[in-house]
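>>> For reference, the sequence and a predicted model appear below.
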Amino acid sequence: MSAPTKADISAGVSAALPVMMGYVAIGIPCGVMAAEVGLSPAVAFLLSATFYSGAGQFMMASLALAGTPVASMVASVALVSTRQLLYSAALSPYVREAPRPLAALFAATVTDESFGVNMERFAAGAWSPTRATVVNVASMLSWASANALGALVGPALAIPADIMSFAMTAIFICLLSGQRWSRVTLVVAATSAASVVALKLLGAGSLSVLLGAVAGVAAGLVAGLPGRGRGEGR
């Protein structure tokens, strides 16, 4: 695998810059939450660079603060991360001819935001797997660094767990509000929220999040079946 040229790095970083700036703003609170559950800055960086899932990391920290069993945490995060399968299917035609090491690095560093940046440029026909990987890696380093910084300043801030849990919920609402809304998105969000509330009231406890997420995914799959919602954007 040949090293990226200066032109590749420049083009990739320029394309990734808006994502990197957004990751700093969101990554620092995520790092603060990581510190609340006992992660050091180095471990927060390592976790962010290997697991590299904003939603998954926020979820892990939130569930840990709530005392959720490890098995439920793993199942919940794994379910949320299944969307990566869709990204792989959409991007695979564009990296089919790339060297295996480059394709592996590219696949391991895809996120929601870098997927959107690269997909737009791949579709325009003026993008390469090397530049796409630069976008992914630059975004990942920004996210991991922001998490490490948050974990570093988190103990000094001494923010109560209740406030961090509230902030976690607020951040997820902000991320949700920024989605491209369609009938399927609305069905998933409404079903998940209603299911979690109902399950909490029924005494399901920590399983409420997992079961609510499953209910939302199932409702979204049904709503997105062929023949439903024709003509709507998804």
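Done, it's in. Residues are numbered from 1 along each chain as shown.

>>> Okay, domains of the chain per the record?
6-160, 179-234 (automatic domain parsing).

>>> Please work out which of these is packed deepest.
Burial of the domains of the chain is given as mean neighbour count (mean count of other C-beta atoms under 10 Å); domain 6-160 ranks first at a mean of 18. In short, each C-beta sits where N, CA and C put it, glycine included.

>>> Poorly predicted segments of this protein, please.
1-2, 157-181, 205-207, 209-210, 224-234 (pLDDT under 70).

>>> Return the list of helices and strands in contact with the lengthiest helix in it.
Secondary structure of the chain per DSSP state H: the longest helix is helix 6-36. With contacts defined as 3 or more C-beta pairs under 8 Å, 6 or more residues apart in numbering; DSSP states H and E, helix 6-36 has these neighbours: helix 41-50, helix 54-65, helix 112-124, helix 129-157, helix 161-177.

>>> how distant is the second one from the center of its chain?
Computed by C-alpha atoms, centre = their mean, to the nearest Å, the chain-centroid distance of helix 54-65 equals 11 Å.

>>> same question, the third one
Relative to the centre of its chain, helix 112-124 is centred 15 Å away, using C-alpha atoms, centre = their mean.

>>> how much does it deviate in direction from helix 54-65?
Angle between the axes of helix 112-124 and helix 54-65 is 170 degrees (criterion: axes from the mean of the first three to the mean of the last three C-alpha atoms, to 10 degrees).

>>> for helix 112-124, packing partners?
So helix 112-124, by 3+ C-beta pairs under 8 Å, 6+ apart, packs with helix 6-36, helix 83-91, helix 129-157.

>>> so the longest one versus helix 112-124, what angle?
Inter-element angle recorded for helix 6-36 and helix 112-124: 160 degrees (by the same axes, to 10 degrees).

>>> before we move on, the earlier item: got CSV for the helices and strands packed on helix 6-36, with distance to Ala194 too?
Formatted as CSV, these follow (distance: least, C-beta to C-beta, whole Å):
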stretch, distance to Ala194
helix 41-50, 32
helix 54-65, 19
helix 112-124, 24
helix 129-157, 31
helix 161-177, 14
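
>>> Not counting sequence-adjacent ones, nearest residue to Leu152?
Leaving aside its chain neighbours, Leu152 sits nearest to Pro41 (4.4 Å; criterion: C-beta to C-beta, 6 or more residues apart in numbering).

>>> Quick one: residues contacting that neighbour.
Contacts for Pro41 (C-beta atoms under 8 Å, 6 or more residues apart in numbering) come out as Gly31, Ala148, Leu149, Ala151, Leu152.

>>> Please state the offset of stretch 104-112 from the chain centre?
Using C-alpha atoms, centre = their mean, the offset of stretch 104-112 from its chain centre is 12 Å.

>>> hmm, who's touching it?
Contacts of stretch 104-112 (C-beta under 8 Å, 6+ apart): 52-54, 83-84, 87-88, 91, 95, 98, 118, 129, 132-133, 136-137, 139-140, 143.

>>> Now Gly38: phi and psi?
Dihedral angles of Gly38 (phi, psi; degrees, to the nearest 10) stand at phi 100, psi 10.
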